[in-house]
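>>> I'd like to go over a predicted model; first the sequence, then the structure.
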Amino acid sequence: MTGQFDLTGSIALVTGGGSGIGQRIAVALAGAGASIVVAARRMEKLEETRAAIEAGGGEAACLQADLEDIGGLEDVAAKAAQPFGAPDILVNAAGVNFREAAADVTPESWTRTLAINLTTPFFLSRALVPAMKEKGRGRIVNIASLQTVRAMPGGIAYGASKGGVGQLTRAMTEEWSRFGITCNAIAPGFFPTELTAPVYEDQGRLDALAAQTAMGRNGELNDLDGLAVFLSAPASDYITGQIIFIDGGYTAK
């Protein structure tokens, strides 16, 4: 049964791998045996992730990249293949959330939100798909959100992008699953990350959010480990096109 969750021999590219959810997933996949390439803008944060992976006995490489530059994503895909070979796992964890009311959204903030959260996952995935097809196996894991299905204050641009991620995941499934490439999305509840820092600074709001879950608590980053490994491993071979909420039952209420 262990082999169903063994990622030995797999190569994963994790965007946004320098912090938060991306960092946690990168460490979890490395713990299951995958070789990891973490990509983001801040090299010092990427080095922290690499150090954590290597401290646990895994292997990792850092790829400094501006993932907002859509025209450079083919180059990102090519560079990601250099340390260990072409990735057969892609985790699209890079994201932004400016938390703006509708009246405050600018064309620039709207465009940046959609570019990083929605456009980059498609074009980077497309750049990696040919190598996945050659291997006959691939895993694309997108990061959705509670706002994929729920509206929240200050979330008009972010919610639009994450709603798009849900449909993008289904569309990827229709396009690529016939080649052995599964496409799924993890939709986290509230977890302590850089993006949610403003929420975690307001204890009253944090307690209210915890009370809205069925379990009575917000997420801890280690809650992501099992699902991330599962969706990347042979155990999930026949699961594709799904948006799986890991939210303590928030969306069940």
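Done, it's in. Values in this document were obtained by computation on a predicted structure and should not be read as measured data. Numbers count the residues shown, from 1 in each chain.
>>> where in the protein is pLDDT low?
Within the chain, the set of residues satisfying pLDDT under 70 comprises 1-2.
>>> Select the longest strand from it.
As assigned by DSSP state E, the longest strand anywhere in the chain is strand 181-188.
>>> List the buried residues in the helix or strand just after that one.
Read in the C-terminal direction, the helix or strand following strand 181-188 is helix 197-200, with elements assigned using DSSP states H and E. When neighbours are counted by 16 or more other CB atoms under 10 Å, the buried residues of helix 197-200 are found to be residue 199. Just so you know, the C-beta spots here come from the backbone N, C-alpha and C atoms, and that holds for glycine as well.
>>> Which strands and helices lie in contact with helix 197-200?
In terms of contacts (3 or more CB pairs under 8 Å, 6 or more residues apart in numbering; DSSP states H and E), helix 197-200 is packed against helix 203-211.
>>> Report the backbone C-alpha coordinates of the helix it packs on in CSV.
These are the backbone C-alpha positions of helix 203-211, laid out as CSV (Å, rounded to 0.1, in the frame of the first residue of the first chain):
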residue,chain,number,x,y,z
GLN,A,203,-8.2,37.7,16.4
GLY,A,204,-11.9,38.4,16.4
ARG,A,205,-12.2,37.8,12.7
LEU,A,206,-10.0,34.7,13.0
ASP,A,207,-12.2,33.3,15.8
ALA,A,208,-15.3,34.0,13.8
LEU,A,209,-13.9,32.1,10.8
ALA,A,210,-13.0,29.2,13.0
ALA,A,211,-16.5,29.1,14.3
